[in-house]
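Visitor: Quick one, what's the 3D model for this:
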Amino acid sequence: MNASNLLVELFVEELPPKALQKLGDAFAGVLFDQLKAQGLLASSEARLTAYASPRRLAAHITEVLPQAEDKAVSQKLMPVSVGLDADGKPTPALIKKLAALGAGEEAVAGLTRQGEGKAEALFHASTVRGVMLADGVQKALDEAIAKLPIPKVMRYQLADGWSSVHFVRPAHGLVVLHGTEVLIGVKALGLTAGTATHGHRFEAAVDPVVIRSADDYAAQLREEGAVIASFAERRAEIARQLQAAAERVGGGVRPIEDEALLDEVTALVERPNVLVCEFEKEFLDVPQECLILTMKANQKYFPLLDAAGKLTHQFLVVSNISPQDASAVIGGNERVVRPRLADAKFFFDQDRKKTLASRVDGLGKVVYHNKLGTQGERVERVRSIAKSIARQLGDTGLAQQADLAAQLAKTDLVTDMVGEFPELQGTMGRYYALNDGLDVAVADAIEDHYKPRFAGDELPRGNAGVVVALADKLETLVGMFGIGNLPTGDRDPFALRRHALGVIRMLVEKDLALDLETLLVSVLPAFGDKIEDATPQLADFIYDRLAGNLREQGFSAQEVDSVLALRPQRLSDVQKRLEAVRAFGELPEAPALAAANKRVGNILKKADQAVQAQVDAAVLAEVAEKDLYAALQSVAPKAQQQFAAGDYTASLQTLAALRAPVDAFFEHVMVNAEDPALKANRLGLLATLHEAMNRVADLSRLA
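Guide: Presented below is the predicted three-dimensional model:
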């Protein structure tokens with residue numbers, strides 16, 4: 001059977017732009033997987049190309065068979081004891097089963113037996129005819145539509161006036177071509193497969209575009225329909241035109257980098273045409289973050305930045321039309337953006353008429369959480385926590401700075417600008433703080449207390465910012481855990497996982513001299529009696545986030561487990577401990593010491609009572625236990641000294657010298673001696689060994 005390439009296209013009304021790429025990949029991916037599962041792909045070399053434009057979802061698949069190959073199947077019928085009587089003749093049950101398969105009694109002779117004894121069963125061999133391509137595509141198309149990750153489903157009426165279907169947008173055309181042949185009979189969403197689709201709404205050379213073959217699809221749409229069907233090609237073309245337009249403007253300007261905006265614009269146009277527009281320079285007096293946000297969020301424009309990263313008065317528009325004279329398009333976009341920028345300027349001018357300090361009382365009218373009070377109450381808690389953290393760091397000047405920053409950090413929430421653009425919270429606070437004549441460190445802290453906002457985001461610039469950011473995140477974590485508002489598998493509305501990772505990053509990367517559990521407990525007084533003490537559960541949550549983060553950095557689960565099992569309080573120490581454990585694991589003595597450590601731990605757990613790490617040298621009897629005690633006396637103080645100095649790698653490597661005496665001890669000494677004094681002393685020796693070896697990490701977890 002000759003394989004040909006297959007094209008399937010659904011022509012629809014404008015699809016939701018933020019979901020387009022995901023919809024296109026899912027539609028094509030399910031089609032491909034379903035055809036492969038049905039044996040309709042000629043080889044493993046078959047390739048999929050997904051297409052997605054504002055008005056179409058399509059897939060091109062190579063090497064598709066007109067019919068899947070027949071398959072030999074062997075079906076288990078029933079146990080031999082049920083299917084055949086004592087004389088070996090078929091029972092009524094077997095005859096009935098064969099009839100259900102379309103076989104007569106004569107098929108009994110062709111049955112095979114598999115298995116032995118009571119498990120021996122009868123099997124029926126048959127050939128299953130391969131699925132026809134039209135049937136396979138129908139099944140695949142139904143599955144692709146059913147599994148489409150649609151953000152919001154529409155219900156619409158079909159042309160017959162009676163039927164209705166559910167889909168992301170009304171569909172108006174279906175193309176299904178195998179080579180040059182239409183797959184007759186394939187239907188979807190009230191449509192029947194054909195060859196006609198439609199190009200650009202305004203610039204197509206012909207309408208409809210009649211697709212000649214599966215392989216001509218993309219080229220015909222480009223030439224006759226004025227559409228770049230491939231999402232990836234359109235995206236690359238927009239990026240190329242943006243760069244070229246910036247070069248035409250000159251002066252080293254560049255379009256702002258925003259992958260999400262580029263994806264969204266790619267989903268809005270079928271044939272991009274980038275144009276240069278501009279606005280009045282007076283608007284540049286407004287903070288550039290405001291102007292950039294309004295241009296990107298509201299108009300989908302690409303602002304142009306100069307070599308220093310400053311906003312210029314020019315911007316780029318990705319148009320969906322390419323008129324010979326683009327002046328009307330340029331003028332229209334300039335007219336549209338002007339009121340947006342004027343609004344931003346108005347908000348900025350109005351907001352600066354009131355100081356941030358005068359807005360503090362207004363936070364008392366903003367509800368934060370029904371169990372935790374208003375934003376005003378929350379601000380007081382963050383202030384209290386920030387001062388506590390600064391005191392723990394031993395810096396009274398820092399406490400004063402952090403207190404002022406914490407008091408004002410949320411005040412921009414009640415400004416006009418942040419009311420219009422919530423994404424600018426913190427950013428506008430900094431501008432308004434500087435306008436009020438506040439210290440730069442305080443202004444920076446107001447902006448930075450939200451950081452890190454996402455994975456990989458930068459940390460606060462100054463110490464005041466770090467303290468307020470820590471206080472803000474800890475207030476959220478302790479408060480939410482204290483009222484039982486915990487994240488679930490798929491829901492985390494208060495971003496507690498992100499806040500926990502932010503706390504971890506600040507403690508680690510800023511190398512803060514703060515003990516985690518002491519820090520968590522110090523937050524509680526700020527809440528009074530509003531919450532329960534859930535700091536143990538919160539500590540577990542933070543260590544879990546830390547464990548996941550460390551595994552992502554390339555440390556093994558065993559390495560991470562061994563270090564975090566000790567619950568190190570200084571999180572900035574964890575990386576050094578892990579590196580020490582990794583270096584220890586490469587030593588030839590490591591496997592034996594890890595195994596011995598595990599054995600010691602098990603022995604101590606099974607002891608009748610708590611064992612003290614104490615040894616009476618006079619009670620030691622066997623040579624091996626005396627040697628181990630002597631080795632400990634020699635090695636442990638040095639290892640402890642290195643541990644105290646923070647040289648964890650050297651400390652573990654020093655302990656590697658214990659391998660030989662530990663091995664000899666377990667080979668020659670009976671721990672559970674009949675003499676109680678001897679047994680207690682040996683357990684004390686093992687406890688001393690265990691204590692010495694597990695300061696950096698629980699080495700038994702490496703066994």
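Visitor: so where does Phe32 fall, helix or strand?
Guide: Element membership of Phe32 [criterion: DSSP states H and E] is helix 20-37.
Visitor: got the residue ranges for the helices in the stretch 301-450 of the chain?
Guide: 327-351, 375-392, 396-408, 416-420, 427-435, 440-448 (DSSP state H, counting those that start in this stretch).
Visitor: now those as CSV including mean pLDDT, mean neighbour count and distance to Arg497?
Guide: For glycine as for every other residue, the C-beta is placed from the backbone atoms N, C-alpha and C. Compiled in CSV, these are given as follows (pLDDT from 0 to 100; neighbours: other Cβ atoms under 10 Å; distance: least, Cβ to Cβ, whole Å):
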stretch, mean pLDDT, mean neighbour count, distance to Arg497
helix 327-351, 95, 16, 33
helix 375-392, 95, 21, 20
helix 396-408, 93, 22, 23
helix 416-420, 94, 19, 25
helix 427-435, 96, 22, 24
helix 440-448, 96, 23, 20
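Visitor: Mind checking those for the one nearest to Gly484?
Guide: The closest of the helices of the stretch 301-450 of the chain to Gly484 is helix 375-392. By Cβ to Cβ, the value is 18.0 Å.
Visitor: name the helices or strands packed onto the closest one?
Guide: Counting contacts by 3 or more Cβ pairs under 8 Å, 6 or more residues apart in numbering; DSSP states H and E, helix 375-392 is packed against strand 367-369, helix 396-408, helix 463-482, helix 516-523.
Visitor: angle of it against helix 463-482?
Guide: Relative orientation of helix 375-392 and helix 463-482, computed by axes from the mean of the first three to the mean of the last three Cα atoms, to 10 degrees: 120 degrees.
Visitor: In JSON lines, list the helices of the stretch 301-450 of the chain along with distance to Ser213.
Guide: As requested, the helices of the stretch 301-450 of the chain are exported to JSON lines (distance: least, Cβ to Cβ, whole Å):
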{"stretch": "helix 327-351", "distance to Ser213": "36"}
{"stretch": "helix 375-392", "distance to Ser213": "63"}
{"stretch": "helix 396-408", "distance to Ser213": "67"}
{"stretch": "helix 416-420", "distance to Ser213": "52"}
{"stretch": "helix 427-435", "distance to Ser213": "54"}
{"stretch": "helix 440-448", "distance to Ser213": "58"}
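Visitor: Ok, which of these comes nearest Lys152?
Guide: Nearest to Lys152, of all the helices of the stretch 301-450 of the chain, is helix 416-420, at 25.5 Å by Cβ to Cβ.
Visitor: which outside residues touch that closest one?
Guide: For helix 416-420, the surrounding residues in contact (Cβ atoms under 8 Å, 6 or more residues apart in numbering) are Cys290, Asp343, Ala344, Phe346, Phe347, Phe348, Gln350, Asp351, Asp412, Leu424, Gln425, Met428.
Visitor: How far does it sit from its chain's centre?
Guide: Centroid separation between helix 416-420 and its chain, computed with Cα atoms, centre = their mean, to the nearest Å, is 30 Å.
Visitor: could I get that helix in PDB with only the CA atoms?
Guide: Coordinates of each C-alpha in helix 416-420 appear next as PDB, following Å, rounded to 0.1, in the frame of the first residue of the first chain:
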ATOM      1  CA  ASP A 416      -4.900  55.600  41.100                       C
ATOM      2  CA  MET A 417      -2.000  54.300  39.100                       C
ATOM      3  CA  VAL A 418      -1.800  50.900  40.900                       C
ATOM      4  CA  GLY A 419      -5.600  50.800  40.900                       C
ATOM      5  CA  GLU A 420      -5.500  50.900  37.100                       C
END
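Visitor: ok, and which of the helices and strands packed on helix 375-392 has the densest surroundings?
Guide: Highest mean neighbour count among the helices and strands packed on helix 375-392 (mean count of other Cβ atoms under 10 Å): helix 463-482, with a mean of 26.
Visitor: helix or strand right after that helix?
Guide: Toward the C-terminal end, the helix or strand that comes next after helix 463-482 (DSSP H and E) is helix 496-509.
Visitor: how about the CA coordinates for that next one, as PDB?
Guide: Extracted C-alpha coordinates of helix 496-509, given in PDB (Å, rounded to 0.1, in the frame of the first residue of the first chain):
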ATOM      1  CA  LEU A 496       2.700  30.000  49.400                       C
ATOM      2  CA  ARG A 497       5.100  27.800  47.500                       C
ATOM      3  CA  ARG A 498       6.500  30.900  45.800                       C
ATOM      4  CA  HIS A 499       6.800  32.700  49.100                       C
ATOM      5  CA  ALA A 500       8.600  29.800  50.700                       C
ATOM      6  CA  LEU A 501      11.100  29.600  47.800                       C
ATOM      7  CA  GLY A 502      11.600  33.400  48.200                       C
ATOM      8  CA  VAL A 503      12.400  33.000  51.900                       C
ATOM      9  CA  ILE A 504      14.800  30.200  51.100                       C
ATOM     10  CA  ARG A 505      16.600  32.200  48.400                       C
ATOM     11  CA  MET A 506      17.100  35.200  50.600                       C
ATOM     12  CA  LEU A 507      18.300  33.200  53.600                       C
ATOM     13  CA  VAL A 508      20.700  31.200  51.400                       C
ATOM     14  CA  GLU A 509      21.900  33.800  48.800                       C
END
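Visitor: That helix packs against which elements?
Guide: helix 463-482, helix 535-552.
Visitor: Dump those into CSV; add distance to Phe584 and mean pLDDT as well.
Guide: Converted to CSV, those look like this (distance: least, Cβ to Cβ, whole Å; pLDDT from 0 to 100):
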stretch, distance to Phe584, mean pLDDT
helix 463-482, 32, 96
helix 535-552, 17, 94
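Visitor: So which of those helices is nearest Ser522?
Guide: With Cβ to Cβ as the criterion, Ser522 lies closest to helix 463-482 of the helices and strands packed on helix 496-509, at 8.9 Å.
Visitor: so how far is the closest one off the chain centroid?
Guide: Put simply, helix 463-482 sits 23 Å off its chain's centre (Cα atoms, centre = their mean).
Visitor: what angle separates it from helix 516-523?
Guide: 80 degrees.
Visitor: Can I get helix 463-482 in CSV? Just the C-alpha atoms.
Guide: The C-alpha trace of helix 463-482 is given here as CSV (Å, rounded to 0.1, in the frame of the first residue of the first chain):
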residue,chain,number,x,y,z
ASN,A,463,19.5,45.1,53.5
ALA,A,464,16.3,47.0,54.2
GLY,A,465,14.6,45.5,51.2
VAL,A,466,15.7,42.0,52.2
VAL,A,467,14.3,42.4,55.7
VAL,A,468,11.0,43.8,54.6
ALA,A,469,10.7,41.2,51.8
LEU,A,470,11.4,38.4,54.4
ALA,A,471,8.9,40.0,56.8
ASP,A,472,6.2,40.3,54.1
LYS,A,473,6.6,36.6,52.9
LEU,A,474,6.8,35.2,56.5
GLU,A,475,3.7,37.1,57.5
THR,A,476,1.8,35.5,54.6
LEU,A,477,3.2,32.0,55.3
VAL,A,478,2.8,32.0,59.1
GLY,A,479,-0.7,33.6,58.8
MET,A,480,-2.1,31.3,56.2
PHE,A,481,-0.7,28.2,57.9
GLY,A,482,-2.0,29.5,61.2
